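S.K.: Take this sequence and fold it.
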Amino acid sequence: MLWQPSLPERYHKLSSSELAEAISQRRRELGDRLFILGHHYQTDDVLQHADVTGDSLKLSQIAAKVAKDRPVEWVVFCGVHFMAESADMLTPEHVSVILPDLSAGCSMADMAQYDDTVQAWNDIHAALAAQGWQGTIVPVTYVNSSAAIKAFVGSHGGACCTSSNAGRVFDWAMESHPGTDVKILFLPDQHLGRNTAAARGVLNTCLYDPKRTRRGEALGGSTPELLLNSKVILWAGHCSVHKLFRPEHCDQIRAADARDASAPHHTILVHPECAKEVVDKADLNGSTEFIINTIRAAKPGSRWAIGTEFHLVARLAREASARGVSVRILSDCQCLCTTMFRIDQPHLLWVLDNLAGSLSKDGKPKIVNRISVHPEVRKDALLALDRMLSLAVPAAVSVD
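M.R.: Numbers count the residues shown, from 1 in each chain. Below is the predicted model of the structure:
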């Protein structure tokens, strides 16, 4: 996690409405030079200022297109650090990508560190070679990972994936070396990896835990035999939000439905970052965009229980209620992304005040919290991103 300096006290003394008005004024002043992206997990206070909302990849793709079509100089990404990194890599060099609060990281992305990955790669290969294995390991990383991990994967012939195209990336990886025994090393979310493998009938997986390696256990707690017999080697990472959903939450929904015969039963819809035990008990699972589109297409009178981030579910519930669709979160626990929550109106206004030059002695624009990926890292990371994009359904890029 990067260090974020404290804001001047006056930003915390402004009311929500005063902050909103000040941000709107700055946006008018900065005009087309400014473009604000808002991730689905952001609060409504922040999203009201976004030019476009979406998931991390969609937002980066939109930023790249808009930066080519308009005189954009600054892209403010209301999301987390790895998202801003992707936006920086996909936008032209003259565009500055800004993260309003540098402490807005991602615990899942932080679970896969570069040095740990290099050690795992070398140790796994050595353990397999000692048993006479002569196949190929293809690394695949979820887009929720650092630029350094994306670069490692890209330089070793692998690809990134999203939750919506993970299956296509798995198929590509397995078919990438015809006539060779292929294994996938999947980082950093074990649950997306396990669920994607299972959906393709691959159940022979094993887990590599870098924390256990650091404690002195060989192969991250796995064994040479397990590695040899597994088609997919999963990294022991997870999403702190989706980990909170448990199979018993599905059971509670089913039990409540059974007691109430007067209303339609809930359809349980979860994100594939949930544990396999939850996905197995759900009716449907899919990416954030899949969840949103499914609810927007839901028939009036239907009832839904959704396993994903709290703010997104609350927003969908309000929107769907106008059509007579009932939406609730799968669990009553506060399943929110606390690092995403660090992006707020005070930090957004502070960034825009700097861009407007109001905090500079000379009145000139100042770029704060710029996220810039080193050119060498960018080169290899883009290999992984480009492979992912070639296997993805193109994102809708209209911002009208």
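S.K.: So which elements touch the helix or strand of the chain with the lowest mean pLDDT?
M.R.: When the helices and strands of the chain are scored by mean pLDDT, DSSP states H and E, helix 56-69 comes last with a mean of 85. Using 3 or more C-beta pairs under 8 Å, 6 or more residues apart in numbering; DSSP states H and E as the contact criterion, the neighbours of helix 56-69 among helices and strands are strand 34-39, strand 52-54, strand 74-78, helix 81-90. Glycine gets a C-beta too; all of them are placed from N, C-alpha and C.
S.K.: can you rerun that using 6 Å?
M.R.: Taking 3 or more C-beta pairs under 6 Å, 6 or more residues apart in numbering; DSSP states H and E as the contact definition, the neighbouring helices and strands of helix 56-69 are helix 81-90.
S.K.: after the helix it packs on, next one along is what?
M.R.: The first helix or strand that comes after helix 81-90 along the chain, using DSSP states H and E, is strand 96-98.
S.K.: So which elements touch that next one?
M.R.: Counting by 3+ C-beta pairs under 6 Å, 6+ apart, the elements that strand 96-98 packs against turn out to be strand 74-78, helix 81-90.
S.K.: Residues in contact with that strand: which ones?
M.R.: Contacts made with strand 96-98 from outside it, assessed by C-beta atoms under 6 Å, 6 or more residues apart in numbering, are listed as Trp74, Val75, Val76, Phe77, Ala84, Ala87, Asp88, Val351, Ile367, Asn369, Arg370, Ile371.
S.K.: residue closest to the middle of this structure?
M.R.: Taking C-alpha atoms, centre = their mean, the centroid of the chain lies closest to Asn144, which sits 4.3 Å from it.
S.K.: Just confirm that residue contacts Met111, I think it does.
M.R.: No: with the criterion set as C-beta atoms under 6 Å, Asn144 and Met111 do not qualify as a contacting pair; they are 9.9 Å apart.
S.K.: picking up where we left off before, in three-state terms, label the residue nearest to the centre of the chain for me.
M.R.: Three-state call for Asn144 (DSSP: H, G, I helix; E, B strand; the rest coil): coil.
S.K.: what's the distance between it and Leu47?
M.R.: In this structure, Asn144 and Leu47 are separated by 20 Å, where distance is defined by C-beta to C-beta, to the nearest Å.
S.K.: cool, and Phe170?
M.R.: In this view, Phe170 and Leu47 are 32 Å apart by C-beta to C-beta.
S.K.: can you count the residues close to Gly135?
M.R.: Burial measure for Gly135: 12 neighbouring residues, criterion other C-beta atoms under 10 Å.
S.K.: The nearest residue to it once chain neighbours are set aside: neighbour count?
M.R.: The shortest distance from Gly135 to any non-neighbouring residue, by C-beta to C-beta, 6 or more residues apart in numbering, is to Asp181 (3.3 Å). For Asp181, the neighbour count with other C-beta under 10 Å is 13.
S.K.: in which helix or strand would I find Ala317?
M.R.: The secondary structure element spanning Ala317 is helix 310-321 (assigned by DSSP H and E).
S.K.: can you tell me which residues contact Met388?
M.R.: By C-beta under 6 Å, 6+ apart, the contact list for Met388 reads Ala159, Cys160, Cys161.
S.K.: cool, Thr294 as well?
M.R.: Contact criterion C-beta under 6 Å, 6+ apart gives no residues in contact with Thr294.
S.K.: one more time with 7 Å
M.R.: When the contact criterion is C-beta atoms under 7 Å, 6 or more residues apart in numbering, the partners of Thr294 are Leu269, Leu284.
S.K.: still on that earlier bit, same drill for Phe170 and Leu47, tell me which one is more crowded.
M.R.: Using other C-beta under 10 Å, the more surrounded residue of Phe170 and Leu47 is Phe170, with 25 against 17.
S.K.: Mind telling me what element the nearest residue to the more buried one once chain neighbours are set aside is part of?
M.R.: Closest residue in space to Phe170, ignoring its immediate chain neighbours: Thr196 at 5.5 Å, by C-beta to C-beta, 6+ apart. Counting by DSSP H and E, the secondary-structure element that holds Thr196 is helix 190-199.
S.K.: Tell me the first helix or strand C-terminal of that helix.
M.R.: Helix 190-199 is succeeded, C-terminally, by strand 205-208 (DSSP H and E).
S.K.: ok so, going back, mind putting the contacts of Met388 into JSON lines with pLDDT and secondary structure?
M.R.: Converted to JSON lines, the contacts of Met388 look like this (pLDDT from 0 to 100; DSSP: H, G, I helix; E, B strand; the rest coil):
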{"residue": "Ala159", "pLDDT": "97", "secondary structure": "strand"}
{"residue": "Cys160", "pLDDT": "96", "secondary structure": "strand"}
{"residue": "Cys161", "pLDDT": "94", "secondary structure": "strand"}
